[in-house]
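Undergrad: output the structure for:
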Amino acid sequence: METIFASIIERKFINRGFLIGPFCPIYGFGAVMIILGSKWASGIFEHGLTFYVIGILFSVILTTILEYVTGAVLEKFFNCKWWDYSDNILNLHGYICLKYSLLWGLLAFLMLQVIHPEVLKIYIPIPILVKICLNIVLIIYFLADTIKSVMDIVDLRKVILNYYDFSVNKYYDKIIEYKRIFLAFPRLLILNADIVNHDVRSVLNGRINKIKDEIKSRFK
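TA: Below is the predicted model of the structure:
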């Protein structure tokens, strides 16, 4: 859904996921947590206004915690914020804010009341053997995609932080190779304060001459 939204805004396909494939695991984990939480709540509260209010609040809390933890872990590992809500009111360290927490809660409620019941109608009749085989295939796929995606990010980080070790053409090729990541997460255009003046955007836009001039000036 986020990929579709971003693609419409940018008027071109934008893969908003961390993975190479068009999937956002953070939403999948969030959905599973909310579904399990809903089952817990249904065993305590009767269906009615209280149940729905508790369900929405529970969804808001779960998704907010998940988003905060994910943002903090990614910044700790990659030394860069992958998203930043610092310009939004009532934000915490830029990882979460009231606006998006409420939005996640609303989406979670719609997921529980509309989407998940329809998905179950399709999923439940599937034979157990088919489910097992499908799970194995998906696990293998996501493991391979995650490993490759992490390797790409780590390699990209090394390239940008050590750009002076690369020729202009090599650096250009590397940036173009990982253009997907820059488009998905514009915050990654600057991975470290030491390279804040190194204009990666100019590479992505094909204005390589500017970088050539910067490099030449270093040797004058």
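
Undergrad: all the strands of the protein, residue numbers only.
TA: If you assign secondary structure with DSSP state E, the strands in the chain sit at 91-92, 96-97.

Undergrad: give the other helices and strands that the last one contacts.
TA: Yep, that's strand 96-97 we're talking about. On a contact count with 3 or more C-beta pairs under 8 Å, 6 or more residues apart in numbering; DSSP states H and E, strand 96-97 meets helix 49-78. Where C-beta positions appear, they are placed from N, C-alpha and C, glycine not excepted.

Undergrad: one step back: of the strands of the chain, flag the one that's most buried.
TA: Using mean count of other C-beta atoms under 10 Å, the stretch among those with the greatest mean number of neighbours is strand 96-97 (a mean of 22).

Undergrad: that one pairs with which strands?
TA: Strand partners for strand 96-97, identified by DSSP bridges, are recorded as strand 91-92 (antiparallel).

Undergrad: kindly reformat the strands of the chain as TSV containing mean pLDDT.
TA: Supplementary listing: the strands of the chain in TSV, determined by pLDDT from 0 to 100:
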stretch	mean pLDDT
strand 91-92	91
strand 96-97	92
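
Undergrad: okay, buried residues for stretch 57-67 please.
TA: Going by neighbour count (16 or more other C-beta atoms under 10 Å), the buried part of stretch 57-67 is Phe58, Ser59, Val60, Leu62, Thr63, Thr64, Leu66, Glu67.

Undergrad: just checking, the first one touches Ile35?
TA: No - contact criterion C-beta atoms under 8 Å: Phe58 and Ile35 do not qualify, at 11.2 Å.

Undergrad: show me where this protein has its helices.
TA: Secondary structure of the chain (DSSP state H): helices at 2-10, 25-42, 49-78, 98-110, 116-123, 128-161, 168-177, 179-184, 200-204, 208-218.

Undergrad: how about the second one: buried residues?
TA: Using 16+ other C-beta under 10 Å as the burial criterion, the residues of helix 25-42 that qualify are Ile26, Tyr27, Gly30, Ala31, Met33, Ile34, Gly37, Ser38, Ala41.

Undergrad: before we move on, what about the fifth one?
TA: In terms of neighbour count (16+ other C-beta under 10 Å), helix 116-123 has its buried residues at His116.

Undergrad: what lies in contact with it?
TA: Helix 116-123 is contacted from outside by Ala31, Ile35, Lys131, using C-beta atoms under 8 Å, 6 or more residues apart in numbering.

Undergrad: mind checking how far it is from the chain centre?
TA: Relative to the mean C-alpha coordinate of its chain, helix 116-123 is positioned 25 Å out (C-alpha atoms, centre = their mean, to the nearest Å).

Undergrad: then the second one?
TA: Mean-position distance between helix 25-42 and its chain equals 18 Å (C-alpha atoms, centre = their mean).

Undergrad: return stretch 108-125 as PDB; C-alpha atoms alone will do.
TA: Output for stretch 108-125, consisting of C-alpha atoms alone and laid out as PDB, is shown next (Å, rounded to 0.1, in the frame of the first residue of the first chain):
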ATOM      1  CA  ALA A 108      -4.900  -1.600  11.900                       C
ATOM      2  CA  PHE A 109      -8.600  -1.400  12.900                       C
ATOM      3  CA  LEU A 110      -9.600  -1.500   9.200                       C
ATOM      4  CA  MET A 111      -7.300  -4.500   8.700                       C
ATOM      5  CA  LEU A 112      -9.000  -6.400  11.600                       C
ATOM      6  CA  GLN A 113     -12.500  -5.500  10.600                       C
ATOM      7  CA  VAL A 114     -12.400  -5.700   6.800                       C
ATOM      8  CA  ILE A 115      -9.200  -7.100   5.300                       C
ATOM      9  CA  HIS A 116      -8.300 -10.000   7.700                       C
ATOM     10  CA  PRO A 117     -11.700 -11.700   7.600                       C
ATOM     11  CA  GLU A 118     -11.700 -11.700   3.800                       C
ATOM     12  CA  VAL A 119      -8.100 -13.100   3.800                       C
ATOM     13  CA  LEU A 120      -9.200 -15.900   6.100                       C
ATOM     14  CA  LYS A 121     -11.900 -16.900   3.700                       C
ATOM     15  CA  ILE A 122      -9.300 -17.600   1.100                       C
ATOM     16  CA  TYR A 123      -6.600 -19.000   3.400                       C
ATOM     17  CA  ILE A 124      -8.600 -21.500   5.600                       C
ATOM     18  CA  PRO A 125      -9.700 -23.800   2.700                       C
END
